Each structure stands twice: as structure tokens, then as C-alpha cells.
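> Predicted model, plus sequence, below.
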Amino acid sequence: MKRVTQLLAILTWTAAATALAATVPCSIHPPKGASKAELARLAKVSQADAETAAKASFKNPADVTVAESELEAEHGCLIWSFDMKVKSVRGVREVQVDAGNGKVLSSVHESPAKEAAEKKADQHLRTTNQY
């Protein structure tokens, strides 16, 4: 019985640690509702360094330009978010870089329609102060 209890404790701890690791992929977790100035003080990676990391994630960095960039808190993480235009590709690729260690966290293509919908949602959040 003691062995089963120990095994269950180990499995529970392992599952909890795995779940926690999956939800905490970034190095800086800003407080909810932090202002842009507070976010800027928390960032350890400059915008220029984050942009370099974002461009380096592409096969041909010379074919990439930054359309938009922003330091923001998203899903509990402090990130640099870049909308990157790639030569001869419609839409943008949104690249998110950890503002604490400079690692690329995600890179997702957004069609022009998806990009427009995201901008509309962001504008709604800004006007209702839910950012």
C-alpha cells in the first residue's frame, strides 16, 4: 500500500511539473494590467536585439522587413511581437520573442483577413481599457 501511495505521489508531482512547464514558456511574467511603461522596465532584451532574433528565424532574413512591432503581455508572458513581411508572400508572419531572454517563442503566418481581425480585436481592447 505504501508503495502505491509513493507511486501516485510521484506521478502526481510529475504531471503537475509537466503542466506547469507547458504553461510557462517564457522568462518574464508581468503583473496583470501592467502599463506600457512598467512592461518596458521589465524587459531585459532590447527591441533591436529581439528584432535581430526574429529575423534570424527566417530562412532568408534579407527578404524580411518589420511591418509592426510591440512590447506586450500576452498569455501571461512579456514578449516582443513582430509582424514581419516576407517578400513574395501575402499576409504577415507574427513572430513572438521572449523579452527576458531573446528566444523566439512562436512564429505564425497570418493571412490579410486574420491580421485585420486581430487589429480590430486589439483596438476594441484598447478602447475598453481591457488591455
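Good, I have the coordinates.
> any idea how far residue 40 is from the residue most central in space within the chain?
Closest to where the C-alpha atoms of the chain average out (C-alpha atoms, centre = their mean) is residue 96, at 4.2 Å. Noted for residue 96: a distance of 17 Å to residue 40, by C-beta to C-beta, to the nearest Å. In short, each C-beta sits where N, CA and C put it, glycine included.
> just to revisit the earlier point, centre of the chain versus the helix or strand containing the residue nearest to the centre of the chain, how much separation?
Using DSSP states H and E, residue 96 maps to strand 92-98. Distance of strand 92-98 from its chain centroid, counting by C-alpha atoms, centre = their mean, to the nearest Å, is 7 Å.
> which other residues reach it?
Strand 92-98 is contacted from outside by 25-28, 45, 50, 53-54, 57-58, 67-68, 74, 77-86, 103-110, 115, using C-beta atoms under 8 Å, 6 or more residues apart in numbering.
> cool, and stretch 101-121?
Here stretch 101-121 has contacts from 25-27, 44-45, 49-50, 53-54, 57, 77, 79, 83, 89-98, using C-beta under 8 Å, 6+ apart.
> Need the buried ones from those selected in PyMOL.
For the buried members of these, the matching PyMOL selection, counting by 16 or more other C-beta atoms under 10 Å, is:
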select buried, resi 26+27+45+50+53+54+57+77+79+83+92+93+94+95+96+97+98
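> Could I get the full set of helices for the chain?
2-23, 36-42, 47-56, 112-127 (DSSP state H).
> pLDDT averaged over the last one, what's the number?
Within the predicted structure, the mean pLDDT of helix 112-127 is 71.
> try the shortest one
Along helix 36-42, the predicted local confidence has a mean pLDDT of 97.
> Also the first one?
The predicted model gives helix 2-23 an average pLDDT of 47.
> what does the third one give?
Model confidence over helix 47-56, given as mean pLDDT, is 97.
> For residue 92, list each beta-bridge partner.
Per DSSP bridges, the residues bridged to residue 92 are residue 110.
> Next one: it from residue 68, what distance?
In terms of C-beta to C-beta, residue 92 sits 8 Å off from residue 68.
> shared neighbours of these two, which are they?
residue 83.
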